[in-house]
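> Sharing a sequence plus its predicted fold:
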Amino acid sequence: MTTVKDICEAARVTQRYFYEAFTSREDLLCTASAATTNTMREEALLAAAQSGPATSERVWAASLAYFSYIRAHPEVARLTLFEMEGVSAEVDAFHRADLQKTTNLIRDLLFSHSGPAEGSSPRLSPDLLARGILGAMYQMAKEWTHAGFDQTPETMARHLQAIGLGTGRQV
């Protein structure tokens, strides 16, 4: 287990300085995760905004931005996909809230235009479907990271696009 002392030595700061900036190791972990996930969401939104108007183009662009980012920054993949789980109740609560922000982004990309699907009864929940797509994305990214990024970001994005668009047709 990494201690505050270990962190301070690696960062070449005093423990006093650490505690002026963070309340705990968990606070540091959440702060680092928030910074990276916010950046990834911003890059995905920017890519989607700069793509064509079709949902398929926006989903492709956002997915490609995500997979390209984590491949370019494997430390971010490790932090956001592996290090955030099971640390403490505080970190778990933070992580769930942060994942909800990504769920909202997915919901808005795929379902913001949706009215009730013809012949659907009862209507499927865009929030629950977006959470499921997030789960697929998360698991795909974990396996891809374990495999040493053996596929291109484009391949990963196409697969996630297929999941998202296939699910989006159900709403």
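Here it is on my side, so go on.

> switch to C-alpha atoms for all contacts and neighbour counts from now on
OK.

> For this structure, which residues score under the pLDDT cut-off?
Under the criterion of pLDDT under 70, the regions of the chain flagged as low confidence span 1, 113-122.

> which other helices and strands contact the top helix by length along the chain?
With DSSP state H setting the assignment, residue counts place helix 25-50 as the longest helix in the chain. Helix 25-50 is packed against helix 55-72, helix 89-111, with contacts defined by 3 or more Cα pairs under 8 Å, 6 or more residues apart in numbering; DSSP states H and E.

> Same question for the shortest one: list its buried residues.
Burial within helix 55-72, assessed by neighbour count using 16 or more other Cα atoms under 10 Å, is assigned to 55-71.

> list the contacts for V76?
Taking Cα atoms under 8 Å, 6 or more residues apart in numbering as the criterion, V76 is in contact with 36, 70.

> what helix or strand does it sit in?
Secondary structure assignment for V76, by DSSP states H and E: helix 74-78.

> go on, M140?
Short version: M140 belongs to helix 126-146, going by DSSP H and E.

> same thing with R123?
Taking DSSP H and E as the definition, R123 sits outside all helices and strands.

> Could you measure from it over to E90?
Look at R123 and E90: by Cα to Cα, to the nearest Å, they are 34 Å apart.

> next one: T2
In this structure, T2 and E90 are 17 Å apart, going by Cα to Cα.

> Of the two, which one has the most company?
Neighbours of T2 and E90, each counted by other Cα atoms under 10 Å, are more numerous for E90; the result is 12 against 7.

> which residues touch that one?
Under the criterion of Cα under 8 Å, 6+ apart, the contact list for E90 reads E26.

> Skip the chain neighbours and tell me the closest residue to A49.
Nearest residue to A49 in three dimensions, chain neighbours excluded: R58, at 7.1 Å (Cα to Cα, 6 or more residues apart in numbering).

> Many thanks, I have nothing further to ask.
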